[in-house]
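Asks: take a look and give me a structure for this.
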Amino acid sequence: MASINQARKVFYTICTLILAMIGLISYWRYHINSEKFQSISLWLSENGLSDFEDAFWMEGIVSLDACANLDLDRLHQYIAFSQLDHSKIDRINAAVIRLRERLKFVNWLKRYSLQNYAIKLFDMGVDNVRKVIQLSEAKLNELTSHDVTGQENAKLKLAIQSLVEEIEEMASSIWNGPIVIYALSIAYPVLQYTIIILGISLLFRWRIICTRNLKLVADSIIYVGVYVEALLFRNHNVGTVNDVAKQVSKLNPIKAIKNIRSKFANHFNVTWQWKDPKVVGGTLKFSISQVSLVGQACPITPQTNLEVEMLNPLGNPIGIVSDINENRLLPHIVNISFTLHQAGKYKIHIRVDGNEISNSPFQKEFLAGPADPQQSTIGIASSIIVVTRDVVHSLQLDCRDKFGNYCKTMENRFDLKLTKIGNPSALTNTELALSEQKLEMKVIGEEGAYKAQLLYDSVILKNGDFTLVVLSNVDGAKLHKEIGRKKMNVTFEAKLASKENSYLDFSKKPKKVHCSISARQIKVREYYLKVFSNNVCSFRVLPSTKLTLQEDPSIQEETLVIDDGIQAPLSVVCKEKYLFLATYATFLNRKFVGGDTFAMKMSYFQQELAALNIKRSQSKYAVSISRQHALRDSMKQLKNASASDWCRPFQIKFQGEQAEDLGGVLREWFHVLSRALFAPSNQLFVGFRDDNQALVRPNNARPPEFAKIKYFEFAGKIVGKCLLESAITRDSNCYIRACFARSFLAQILGLRVHYKHFENDDPEFFTNKIQYILSNDIADLSLVFAEEIYSSDGKLEKIIELKPNGKNCVVNNDNKIEYLDLLAQQRLCKEIQEEKNAFLKGLNDLIPDSLLSIFDENELELLICGTCEYDINDLKLNHAVIGRTSEFEKILSWFWSIIANFTQQEMARLLQFVTGCSQLPPEGFSELSPKFQIVNAMVTGTLPTAHTCFNELCLPIYDSLDDMQHSLLIAINEGSEGFGMS
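Replies: This is a model prediction of the structure:
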């Protein structure tokens, strides 16, 4: 009896092993067939034959090889195809013939180890062997352009030459599938029937294996197989065997196996189509392929849930292009393309169903390209450089590639061209030497002022146009001595000279004057009896104040013209004119020592402001206010605060709230006061139109409750306090949420106000009046140099003359620019003079105007207001396209790719360029009115333009994405005022 029991146990064990083999072989066969059938499904879908998917499965046609082996002459004899009409049979025949051609092509590539050319050939439209034979010499050279040795080119040509002789031979041999799979397909039915017969005989002979036991064994095989496979393929969240059993029991076992296998078993390989290290620029590609355990290619479809995310060095996602939704000649390969312009280390995440594939995330470093003179600069704070003759002067180099990335020092291929102002024929020699990051320059020649151009490889550097003032050794020593004095106030004797179209009325006899230059201004005084003085005029030392050397034929002397764009230009004759220019340039350069980019200017501004307040008291100034009456309470509590009190740290407390002020409450206070002071609905600051998006400036017709001028002084102090706190606690910047008018920002900086400011500040007035006057003959309009002021009910209240006796001066085509500028002075400047002065008083109590003057209007807005969060997807949902064509579709796709890589500051610049303001309404782009519009400019290769009146961005057609990005960046960053001499 014991021996019988032992035999039974052995028999059970053998049966269990046999059943396990059946399960494994069944699983393997089903898995191979289902994976291969994915290729069939995709191929049928691409050829519009998805309706026949069940027919192919029924006939056991589960691979592309089997498809290619179909006997097309007997296709109607297959049971599944017997009911199809001739048109459907013909469609299947045509698709099979195309498949054979493609497989021949792929097989040829494999035989000659040319798989790395597959993607390039497909991109050229070469997808079969006949097209390969027809490739031209130029195309072959293009394919192998990366190989400088010429070996790849020769290899490719030899393979093509052999192809002609082998085409017929390939037709008979190309369809042979893997030997193992073929053998299994024959062996499996034999083994299957053997086991079935054996099982039936055992069942009837011993009657010991019941249905329940068979089910138990089968389920155990499935559960254990699923669990082991999940572990093998690193599904760390698989849980216990019981957990898997519970999950599988709810599903069809085969479907469960297929589901888990598809998630964890297939391998994903990544092929980088570049060699590291790679420089930025151009379009780069990499491919992702899917293969099974046995090396079989598996199609990648949208249902694969493949996700690719690429993060730039700042951790922000960048735009990529995938062809997963396109018809691909190699269905198991997905190509990813992208364009990079920012150097640094990038992370590439590749996920399937939310899980990272092996070795993901990948890290790739991209280097800066070669130095580009149009992006590289020399370290000059202004466009005036002062040197001493025969003395070496060093210029700091800031080398950048074409995308603005910092790169290595240029080679010494520099050239300096000099043309003397007033004497172009004068000969001057220069010596240039390169030392690390510095360019050493020595001028050998006459003293004087020169127009200079610094070139690299015959291309002018970005700021390579400047004025070079060359001093004699005596004047150089004198300037150095004057600069070394603590209280600098350098005075030059000069004579006034008449100037055509000047508003000043000078006598014909030149008057002697003294021109005094300090860090803040140029004062021109006329002295009587050498004691009493009369202030002729004064000019602020600002970028907008231009000094120009000109020849005056009437006096046959070189005159120095001082023009700030606001008052009448002044001409003087000065014997020490070059020293005069050098002194002015030195003062100006000191203001701009921080550099000429916004980031450099802001860093310098905050450093200097923090240094001025380094000794400020650290005792906190307590301010307790109610949120409902924040403006009233804040003004009341700060009414008697001195300038030194304003410089102390504020301890803000909102009454009835428990929050401790560690910086966040202070920022909230600024936010609340911003709404109370600058929201147009409160009428203290308003725009020219009744619109929440209007750019605001002080309201000279404000409500009675804001009648006192102190409100504007307080507003200036709040802005100054915000800038001060940002400078001192630089890790936690504070901002004012307001959209200031460009003309108001210009006046804060002491810059000129002109008629072009109307385009941003009052678009309707600009469109209806300014543009009409500029574009038309106005001889019949009867305009005079006067402004008529009307009441709200349309009654004429008063007439303001724009210049003396203006109501009797007729505007014509010759003087209409003067009229428009004077009109801008009246409407944008003089109307709010009192309010603006009060605002500046409050602001300058805390922030020196000499520090603010290093910025232009756009930069000042970014400094005060910062940038908001820009959502590219929000813009995609809330924009309009005008002039859409197939050609412009490519430009649109490039535009989205470019701005996807923009920094927040670049997005702020773009918004400034298109709408006139860097700030968005509270609801984002959806609240912009008019809607953000992208317009086909119908031109090629020019810079983009914008119409802020209509929120329009006009994009030309470009030949490449790189050209478009370069042009767009120039357009959104240009517009700041320059200075120097002509």
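Asks: any weak-confidence spans in the stretch 801-950 of the chain?
Replies: 867, 921-923 (pLDDT under 70).
Asks: domains of this structure?
Replies: The chain breaks down into these domains under automatic domain parsing: 1-69+179-206, 75-174, 210-265, 267-367, 377-471, 475-591, 604-749+835-850, 867-973.
Asks: where do the helices sit along the stretch 251-400 of the chain?
Replies: Remark: helices assigned in the stretch 251-400 of the chain by DSSP state H, counting those that start in this stretch are 253-264.
Asks: can you name the residues in contact with the longest strand belonging to the chain?
Replies: The longest strand of the chain (DSSP state E) is strand 459-471. With contacts defined as CB atoms under 8 Å, 6 or more residues apart in numbering, strand 459-471 is touched by 373-378, 380, 383-389, 418, 428, 443, 445-456, 479, 578-579, 581-582, 585, 596, 980-981. (Each C-beta comes from the backbone N, C-alpha and C, glycine too.)
Asks: tell me where the model's unsure across the stretch 301-450 of the chain.
Replies: 381-382, 409.
Asks: from the chain's centroid, how far away is stretch 838-857?
Replies: 30 Å (CA atoms, centre = their mean, to the nearest Å).
Asks: buried sites along that stretch?
Replies: 838-840, 842-847, 850-857 (16 or more other CB atoms under 10 Å).
Asks: CA atoms of that stretch as CSV?
Replies: What follows is stretch 838-857, C-alpha atoms only, in CSV (Å, rounded to 0.1, in the frame of the first residue of the first chain):
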residue,chain,number,x,y,z
ALA,A,838,4.7,114.7,-5.1
PHE,A,839,5.1,111.0,-6.1
LEU,A,840,8.8,111.6,-7.0
LYS,A,841,9.4,113.4,-3.6
GLY,A,842,8.1,110.4,-1.7
LEU,A,843,10.0,107.9,-3.9
ASN,A,844,13.3,109.8,-3.9
ASP,A,845,13.2,110.2,-0.1
LEU,A,846,14.1,106.5,-0.1
ILE,A,847,15.6,105.7,-3.5
PRO,A,848,18.2,108.1,-5.1
ASP,A,849,17.2,109.1,-8.6
SER,A,850,20.8,108.4,-9.7
LEU,A,851,20.2,104.7,-9.1
LEU,A,852,16.8,104.6,-10.8
SER,A,853,18.2,106.4,-13.9
ILE,A,854,20.2,103.3,-15.0
PHE,A,855,17.0,101.6,-16.2
ASP,A,856,14.6,102.3,-19.1
GLU,A,857,10.8,102.4,-18.8
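Asks: from the buried residues of stretch 838-857, which land in helices?
Replies: Using DSSP state H, the subset of these located in helices is 838, 839, 840, 842, 843, 844, 850, 851, 852, 857.
Asks: in what helix or strand does the residue lying closest to the fourth one once chain neighbours are set aside lie?
Replies: So that's residue 842. Excluding the flanking residues, the one nearest residue 842 by CB to CB, 6 or more residues apart in numbering is residue 716, at 2.8 Å. In this assignment (DSSP states H and E), residue 716 forms part of helix 710-728.
Asks: contacts for that helix?
Replies: The contact list for helix 710-728, computed with CB under 8 Å, 6+ apart, reads 605-607, 609-610, 613, 634-635, 638, 646-647, 650, 666, 670, 673, 677-678, 684-685, 698, 732-736, 835-836, 838-847, 863-864.
Asks: just the ones in strands from those residues, please.
Replies: 650, 685, 698.
Asks: just give me the neighbour total for the first one.
Replies: Read it as residue 650. By the criterion of other CB atoms under 10 Å, residue 650 has 20 neighbours.
Asks: that one and residue 642: what is the separation?
Replies: Residue 650 sits 14 Å away from residue 642, going by CB to CB, to the nearest Å.
Asks: again with the second one
Replies: Between residue 685 and residue 642 the distance, using CB to CB, works out to 26 Å.
Asks: tally of neighbours for the nearest residue to residue 323 once chain neighbours are set aside?
Replies: Nearest non-adjacent residue to residue 323, counting by CB to CB, 6+ apart: residue 335, 5.0 Å away. Neighbours of residue 335 under the rule other CB under 10 Å: 20.
Asks: same question for residue 542.
Replies: 23.
Asks: surely it is in contact with residue 747?
Replies: No - using CB atoms under 8 Å, residue 542 is not in contact with residue 747, being 11.9 Å away.
Asks: my read: residue 437 touches residue 396, true?
Replies: Yes - applying CB under 8 Å, one finds residue 437 in contact with residue 396, separated by 6.4 Å.
Asks: so between those two, which is more surrounded?
Replies: Using other CB under 10 Å as the criterion, residue 437 and residue 396 rank with residue 437 on top: 15 against 12.
Asks: need the contact list for the nearest residue to the more buried one once chain neighbours are set aside.
Replies: Leaving out its chain neighbours, the residue that sits closest to residue 437 by CB to CB, 6+ apart is residue 397, at 5.2 Å. Neighbouring residues of residue 397 by CB under 8 Å, 6+ apart: 376, 377, 378, 379, 409, 410, 437, 438, 439.
Asks: try residue 388
Replies: Here residue 388 is in contact with 470, 471, 472, 473, 475, 476 (criterion: CB under 8 Å, 6+ apart).
Asks: which of the residues you listed has the largest number of neighbours?
Replies: In terms of neighbour count, residue 470 stands highest of these at 28 neighbours, by other CB under 10 Å.
Asks: quick check: bridge partners of that residue?
Replies: Following DSSP bridges, residue 470 is listed with bridge partners residue 387, residue 448.
Asks: for residue 450, see how far away it is.
Replies: 7 Å.
Asks: what do you get for residue 814?
Replies: Distance of residue 814 to residue 450, computed by CB to CB: 34 Å.
Asks: looking at those two, which is more packed in?
Replies: residue 450 (28 against 7).
Asks: mind putting the domains of the chain into a markdown table with distance to residue 828?
Replies: Shown next, in a markdown table, are these (distance: least, CB to CB, whole Å):
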| stretch | distance to residue 828 |
| --- | --- |
| domain 1-69+179-206 | 64 |
| domain 75-174 | 56 |
| domain 210-265 | 66 |
| domain 267-367 | 38 |
| domain 377-471 | 27 |
| domain 475-591 | 12 |
| domain 604-749+835-850 | 4 |
| domain 867-973 | 14 |
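Asks: list just the one of the ones you listed that sits closest to residue 829.
Replies: domain 604-749+835-850 (6.3 Å; CB to CB).
Asks: which residue ranges of the stretch 501-650 of the chain form helices?
Replies: Assigned by DSSP H, counting those that start in this stretch, the stretch 501-650 of the chain shows helices spanning 577-591, 598-612, 630-637, 643-647.
Asks: residue 540 pairs with what?
Replies: Beta-bridge pairing of residue 540 under DSSP bridges involves residue 521.
Asks: count of neighbours near residue 534?
Replies: Residue 534 has 10 nearby residues by other CB under 10 Å.
Asks: quick one, what contacts it?
Replies: Residue 534 sits in contact with 525, 526, 527, 528, where contact means CB under 8 Å, 6+ apart.
Asks: again, 7 Å this time
Replies: Residues near residue 534 by CB atoms under 7 Å, 6 or more residues apart in numbering: 525, 526.
Asks: and it, bridged to which residues?
Replies: So, taking DSSP bridges as the rule, residue 534 has residue 526 as bridge partners.
Asks: okay, it: pLDDT?
Replies: As predicted, residue 534 sits at a pLDDT of 77.
Asks: go on, residue 30?
Replies: 54.
Asks: and the one 4 residues further on, by the same measure?
Replies: The predicted structure scores residue 34 at 57 on the pLDDT scale.
Asks: and if you look at residue 712?
Replies: 93.
Asks: nearest residue to it in space, please, no chain neighbours.
Replies: Once flanking residues are discounted, residue 712 sits nearest to residue 838: 4.0 Å by CB to CB, 6+ apart.
Asks: what's near enough to touch the one you found?
Replies: Residues near residue 838 by CB under 7 Å, 6+ apart: 709, 712, 713.
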